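Student: Sequence first, predicted model second:
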Amino acid sequence: MDGPGLPPFLLAGTEVQIHPFVPEVRLRLARDALDLWEEAQGAMNRGEMASPFWVSAWPGGLALARYLLQHPEIVSGRPVVDVATGSGVVAIAAVLAGAASVAAYDTDELAVRAARMNVRLNEVNVEVSRADVREISVPTGALVTAGDVFYDRTISAAMIQGLGALAEAGAEVLIGDPYRSYLPEDRLEPLATFDVAVDMFLESDPVKTTLVARVS
């Protein structure tokens, strides 16, 4: 069941867009990210909602989605699990690249609802649920993906713990990240880099060099 949709102000402040870096995927994103975050600030301060990261297309997810679409042999016929899915761009790209099945998870209920909307928008089949990476189990041989998850010390520690456990259990784990401060480079095998154009509200530079890597 899809459950309830987005609050009216989030629906009004977003629109269907195509990001030029991944034109195969349509996403409901903020018309103006700065304005929408400012409008959401009161609800965030009252604890009524988490930070709406899903209203923007972040470089790590875009790079990871692009990598999967460029290398369908990595995805084809495999179960894929996308962690911290946000808008769902990586999960949707995995379906388009030929995954046998795709499940997506996020800890934010509004992100789960938004990702479900984007899944329907792209007419693909992704099971989107609310869960923390440390609560997830995946079959041996599955491909696990995670974009933009190393932006905070505490969250990064939880992510590398959870993703590392999945890798040790037999999954292949890929991450996408624009070299943020808490990126655990000692645990990563680099696969590719992309220069991704981003919203200046989101990042310090208009183009971010972004890594796609395998967790070891």
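Tutor: Noted; the coordinates are in hand. Numbers count the residues shown, from 1 in each chain.
Student: so where do the strands sit in the chain?
Tutor: 14-18, 26-30, 79-83, 101-106, 127-130, 143-147, 172-177, 188-197, 207-215 (DSSP state E).
Student: Buried residues in the fifth one, which are they?
Tutor: Using 16 or more other CB atoms under 10 Å as the burial criterion, the residues of strand 127-130 that qualify are Val128. Bear in mind the C-beta positions are built from the backbone N, C-alpha and C, glycine included.
Student: distance of the residue located most distally from the centre of the chain from Ala40?
Tutor: In terms of distance from the mean C-alpha position of the chain, Arg46 ranks first, at 25.4 Å (CA atoms, centre = their mean). For Arg46, the distance to Ala40 equals 11 Å [CB to CB, to the nearest Å].
Student: likewise Ser137?
Tutor: 33 Å.
Student: For the closest residue to Trp37 other than its chain neighbours, grab the count of nearby residues.
Tutor: Distances taken as CB to CB, 6 or more residues apart in numbering place Pro52 nearest to Trp37, at 7.0 Å, with adjacent residues excluded. Pro52 has 24 neighbouring residues, counting by other CB atoms under 10 Å.
Student: Enumerate every residue touching Pro52.
Tutor: Neighbouring residues of Pro52 by CB atoms under 8 Å, 6 or more residues apart in numbering: Leu10, Leu36, Trp37, Ala40, Leu110, Ala111.
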